[in-house]
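A.B. asks: Take this sequence and fold it.
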Amino acid sequence: MPKCIIITTEQRIIFLAYTDLNNESWIEAQELKYYQLESKTITCFEMLSSHPIIAIGCSDGTIRFYNYAKREVEEVMKINKAHSKKVTHLKVVHGEDAINDYPTLLSAGDDGTIACWDLISKEEEKEETKGATWSIDKSVLETPVQAWLIDQNMLYVLTHDKTVRLISLQNGTVKHKQKVPFSKVPTGMLLAHCHGRQPSYFLFSTYKASRIASVDLDLNLFSEQIDLKKTFEHYKGKIKLYDCVRHPLADYIIFCGTNNGLIISRLGPPNKSAVVMGQHGGDESITHRGRKTTVYTEETTLHHPIPAIYYIYKGAIMRQVAHEGMNGSKVFSKPNQVLVLPEKDEFEIGMSPSGRYVSLFNKTQKYVNIYLATSLGNTVNDFDKNDPLEFESPKNFIIDIAWCNTADRFALLTNHDSKNLYMYKIQKEEHKISTVRSDEYTPTISNEIEAIYGGHLLGISYKTNSHIEDDEDEDPFTFTDTNSFHFINWGGNVAKGGLLPKPLDVVWDPLTLHCLMIFKDSYAIFTYTPEFKMHSYVKQSIEDAYWWNGTLFIVSADEIKAIFVADEASGLNEVYLATYDLSKLVESKNDNPTSTTSYDPTPVPRPKGSLTIAGIVGDQLFLMDRKGCLYDISLQHPCLKMRLLLAGGAIQPALSWLSYISLENHAALADFCVERGLAQHVVRDTRFKCPTEKILEVAIKYNYAGEAFAILKQLEETMDPQITAQLYSRIAKIADENDMTILVEQCINHAASFDQQKYESCAFEN
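C.D. replies: The predicted model follows:
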């Protein structure tokens with residue numbers, strides 16, 4: 001089915017089918033005529049997603065359906081007199097099988113009513129659409145719908161009286177209603193989801209206004225979010241907003257249509273699905289390395305932990321368990337709902353480093369529950385009937401939680417009287433939570449702690465009054481006045497490193513203790529040993545990051561890549577795993593066949609939308625989008641696999657891959673080893689089939705005198721006598737520094753011999 005652009009007016013709809021919009025490769029255009037809709041005015045329309053059918057709301061209150069693949073009106077699907085007045089809004093709600101089944105359709109009329117319709121499930125069933133599944137009378141809404149949106153299993157409806165109602169999609173019950181604090185009725189409403197510490201909020205736009213306002217989820221705290229005048233400061237006239245829509249895949253980006261053109265605004269950090277890797281079954285801890293895997297069967301008693309992912313989707317905690325696929329690769333089971341969450345509240349999920357315990361932070365009610373991961377969903381998935389682990393905490397005052405990444409410890413930040421830090425540890429034998437620190441933490445540079453960040457050290461971000469506008473040409477480390485973040489150890493004392501800029505997120509590697517700090521348009525990598533200092537700074541905005549055995553995996557808006565951290569002189573080595581623009585990488589390989597990309601795996605197309613890295617199981621990197629869809633990228637490429645193992649310290653397993661790698665790539669992999677302090681393996685391991693000159697260079701540079709002497713003896717007949725004499729002299733010096741007396745004498749004799757050859761050669765020429 002070709003892609004299609006739909007243009008609508010009051011009396012006709014035009015369909016423009018195309019294959020490549022950039023090259024204007026139009027296939028054809030078709031038009032739905034006015035008379036085909038019984039000469040009724042078109043008031044709204046909605047696509048039925050993967051089906052080539054469009055639902056059309058008309059002025060007579062009837063909903064009609066047009067199949068643009070067949071070029072005919074589907075009379076059997078028509079919903080007569082859905083509303084007593086014109087249809088003003090249509091909204092599609094997809095079920096579990098969005099490809100094969102028709103979705104549920106919501107409609108709103110100018111008579112102040114809302115109805116939910118179950119469309120026919122199969123095109124072959126020529127049955128008339130039945131009555132509404134549920135409907136809301138005008139006495140409930142009081143005024144017609146102005147705007148609406150769907151999030152999870154709830155429908156948010158803004159009516160003409162400036163009231164927002166929260167309605168259940170299951171039965172149409174109004175759960176909550178609240179007036180919004182505006183003098184004029186907003187014409188548009190969006191829900192901006194945010195990840196981590198930034199709470200989600202509503203965006204309200206008003207026709208011909210110059211500002212877009214934001215309101216919190218409780219619909220009572222107003223704050224200005226986007227001022228269109230600042231975008232067009234050079235424009236002398238008044239900026240007027242006509243329409244505002246959210247990007248369908250990257251919902252942290254909005255498009256604003258104004259009288260001075262299109263404005264694209266980024267609301268903040270990309271929203272991503274909060275997905276964590278834990279375990280299912282067994283008593284042993286699952287490591288961050290993701291190497292423990294077991295075939296999962298419901299009938300078998302589980303004695304070993306099995307990798308499982310946990311995430312929140314449609315108002316519930318979902319779990320998917322890893323198992324063996326048909327071709328030997330790892331796959332995850334279908335989503336299993338293990339805990340249904342209270343409606344309306346906003347939750348954040350976390351996981352202990354052992355994978356045993358799931359934390360559930362209710363950001364609305366400000367409390368935290370800790371659950372044993374293996375107990376979720378075993379008996380009942382009702383929230384009120386699943387007992388969390390008991391521990392003393394200041395309930396209804398918690399504003400943040402952070403996990404340690406080396407032990408089952410966590411910290412809570414509260415706003416009870418003053419900002420306090422509470423620290424806890426979990427005893428795995430008894431699954432008991434005990435307090436490590438409950439006294440008030442003394443802030444270092446401010447009276448208020450803003451947020452905390454987990455990892456090997458506990459990161460603390462302070463609120464500050466000073467503010468400096470960001471300069472895209474500068475990195476955040478130049479803004480010393482805004483440095484209001486530092487690390488303390490889990491005992492509550494100041495740890496390594498001074499004050500740093502506030503990050504959006506902090507990610508630690510449990511193996512190497514490298515630390516990644518993510519900023520708005522950049523990221524920085526720090527080393528922890530022998531001293532805490534910045535290793536690299538990169539100007540790139542990223543969506544998510546994940547450490548695995550010393551390798552950093554990064555997701556940006558355009559690409560997914562693995563980054564290997566070498567010594568400071570060598571910097572970072574990047575391997576592209578997925579990208580939107582594959583042609584650039586193909587060109588770079590053709591232009592420079594000897595570059596590192598020549599032995600990298602061919603990147604796959606990047607999955608669309610905002611992605612979160614779920615983890616690595618076996619030889620696959622798993623990612624999840626906001627709709628709960630899992631994607632996997634294979635890491636089973638010899639050169640990549642070897643580098644992953646080397647970065648994780650598995651030297652012998654890594655070197656065993658050399659026999660599967662073409663000889664022309666051995667030199668580049670030898671450089672990779674040298675950058676990580678593994679020069680002895682390049683020199684001494686016969687599986688490296690590098691050019692002999694390359695191995696000699698490494699042996700001399702890293703003081704392996706015996707190996708250098710043996711290699712030079714093999715090459716001396718093919719080399720210039722003067723250069724050979726100089727190399728023997730250099731090896732002699734290395735041997736002397738290591739008290740290798742016999743080798744020193746041998747090198748001096750060989751050097752003298754080649755000096756004599758040089759003298760005799762010169763005499764013969766004269």
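A.B. asks: got the residue ranges for the helices in the stretch 251-400 of the chain?
C.D. replies: With helices called from DSSP state H, counting those that start in this stretch, the stretch 251-400 of the chain shows none.
A.B. asks: Give me the most central residue, the protein.
C.D. replies: Nearest to the mean C-alpha position of the chain, by C-alpha atoms, centre = their mean, lies residue 612 at 2.8 Å.
A.B. asks: doesn't residue 545 make contact with it?
C.D. replies: No. Using C-beta atoms under 8 Å as the test, residue 612 is too far from residue 545 to be in contact (10.2 Å). No exception for glycine: its C-beta is placed from N, CA and C like everyone else's.
A.B. asks: overlap in contacts of those two?
C.D. replies: residue 555 (C-beta atoms under 8 Å, 6 or more residues apart in numbering).
A.B. asks: which regions of the stretch 601-750 of the chain sit below the pLDDT cut-off?
C.D. replies: For the stretch 601-750 of the chain, no stretch has pLDDT under 70.
A.B. asks: tell me the strands in it, going along the chain?
C.D. replies: Assigned strands in the stretch 601-750 of the chain, in chain order: 604-605, 611-617, 620-625, 630-634 (criterion: DSSP state E, counting those that start in this stretch).
A.B. asks: looking at those, which is closest to residue 90?
C.D. replies: Ranking the strands of the stretch 601-750 of the chain by proximity to residue 90 (C-beta to C-beta) places strand 620-625 first, at 25.0 Å.
A.B. asks: Report all helices and strands that the closest one contacts.
C.D. replies: Judged by 3 or more C-beta pairs under 8 Å, 6 or more residues apart in numbering; DSSP states H and E, strand 620-625 is in contact with strand 306-312, strand 611-617, strand 630-634.
A.B. asks: Compile those into JSON lines and extend it with columns for distance to residue 497.
C.D. replies: Below are these laid out as JSON lines (distance: least, C-beta to C-beta, whole Å):
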{"stretch": "strand 306-312", "distance to residue 497": "32"}
{"stretch": "strand 611-617", "distance to residue 497": "26"}
{"stretch": "strand 630-634", "distance to residue 497": "33"}
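A.B. asks: where exactly do the helices run in the stretch 451-600 of the chain?
C.D. replies: Taking DSSP H, counting those that start in this stretch to define them, one finds helices in the stretch 451-600 of the chain at 582-591.
A.B. asks: Bridging across strands, which residues link to residue 53?
C.D. replies: residue 67 (DSSP bridges).
A.B. asks: That one and residue 68: what is the separation?
C.D. replies: From residue 53 across to residue 68, the span is 8 Å (C-beta to C-beta, to the nearest Å).
A.B. asks: from memory residue 565 sits against residue 512, does it?
C.D. replies: Yes. Taking contacts as C-beta under 8 Å, residue 565 lies within contact range of residue 512: 7.5 Å.
A.B. asks: where do the contact lists of the two overlap?
C.D. replies: residue 550.
A.B. asks: And the pLDDT for residue 105?
C.D. replies: If you check residue 105, the pLDDT there is 91.
A.B. asks: Once you drop chain neighbours, what's closest to it?
C.D. replies: Leaving aside its sequence neighbours, residue 105 sits nearest to residue 117 (C-beta to C-beta, 6 or more residues apart in numbering; 4.6 Å).
A.B. asks: In the sheet, which residues pair with residue 316? Tell me.
C.D. replies: According to DSSP bridges, beta-bridge pairing links residue 316 with residue 340.
A.B. asks: List the contacts of it.
C.D. replies: 337, 338, 339, 340, 341, 381.
A.B. asks: where in the stretch 451-600 of the chain is pLDDT low?
C.D. replies: Checking the stretch 451-600 of the chain against pLDDT under 70 turns up 464-482, 492-495, 569, 582-598.
A.B. asks: Count the neighbours of residue 111 for me.
C.D. replies: Here the number of neighbours of residue 111 (other C-beta atoms under 10 Å) works out to 16.
A.B. asks: Surely it is in contact with residue 85?
C.D. replies: Yes. Using C-beta under 8 Å, residue 111 makes contact with residue 85 at a distance of 4.2 Å.
A.B. asks: what's the overlap in contacts for those two?
C.D. replies: residue 61.
A.B. asks: picking up where we left off before, quick one: the residue nearest to the centre of the chain from residue 490, how far?
C.D. replies: 26 Å.
A.B. asks: residues in contact with the residue nearest to residue 336 when sequence neighbours are not counted?
C.D. replies: Distance criterion C-beta to C-beta, 6+ apart; nearest residue to residue 336, sequence neighbours excluded, is residue 319 at 5.1 Å. Counting by C-beta under 8 Å, 6+ apart, residue 319 touches 280, 308, 309, 310, 335, 336, 338, 376, 377.
A.B. asks: Repeat that for residue 573.
C.D. replies: Counting by C-beta under 8 Å, 6+ apart, residue 573 has contacts 563, 564, 566, 596, 643, 672, 675.
A.B. asks: again, only using 10 Å
C.D. replies: Residue 573 makes contacts with 551, 562-566, 596, 600, 643, 647, 668, 671-672, 675-676, as judged by C-beta atoms under 10 Å, 6 or more residues apart in numbering.
A.B. asks: again, but for residue 685
C.D. replies: 651, 652, 655, 658, 670, 673, 678.
A.B. asks: change it to 6 Å
C.D. replies: With contact set as C-beta atoms under 6 Å, 6 or more residues apart in numbering, residue 685 has these partners: residue 655.
A.B. asks: Relative to residue 652, how far out is it?
C.D. replies: 10 Å.
A.B. asks: What is the one helix or strand the residue nearest to residue 105 maps to packed up against?
C.D. replies: Assessed by DSSP states H and E, residue 117 sits inside strand 114-118. Other helices and strands packing on strand 114-118, by 3 or more C-beta pairs under 6 Å, 6 or more residues apart in numbering; DSSP states H and E, are strand 104-109, strand 134-136.
A.B. asks: List the neighbours of the first one that are in contact with it.
C.D. replies: Residues outside strand 104-109 that contact it (C-beta under 6 Å, 6+ apart): 55, 63, 82-83, 85, 87-91, 93, 114-119, 145.
A.B. asks: again, 7 Å this time
C.D. replies: 55, 57, 61, 63, 82-93, 95, 114-119, 145, 148, 155 (C-beta atoms under 7 Å, 6 or more residues apart in numbering).
A.B. asks: what's the answer for the last one, then?
C.D. replies: Contacts with strand 134-136, where a contact means C-beta under 7 Å, 6+ apart, come from 113, 114, 115, 116, 171, 172.
A.B. asks: Partner strands of the helix or strand containing residue 43, with direction?
C.D. replies: Assigned by DSSP H and E, residue 43 belongs to strand 42-47. Strand pairing for strand 42-47, using DSSP bridges, gives strand 53-58 (antiparallel).
A.B. asks: Could you check the angle the strand it pairs with makes with strand 114-118?
C.D. replies: 150 degrees (axes from the mean of the first three to the mean of the last three C-alpha atoms, to 10 degrees).
A.B. asks: ok, the closest residue to residue 94 other than its chain neighbours - contacts?
C.D. replies: With sequence-adjacent residues excluded and distances taken as C-beta to C-beta, 6+ apart, residue 94 is closest to residue 103, at 4.8 Å. Neighbour list for residue 103: 48, 49, 92, 93, 94, 95, 119 [criterion: C-beta under 7 Å, 6+ apart].
A.B. asks: Understood, closing this out.
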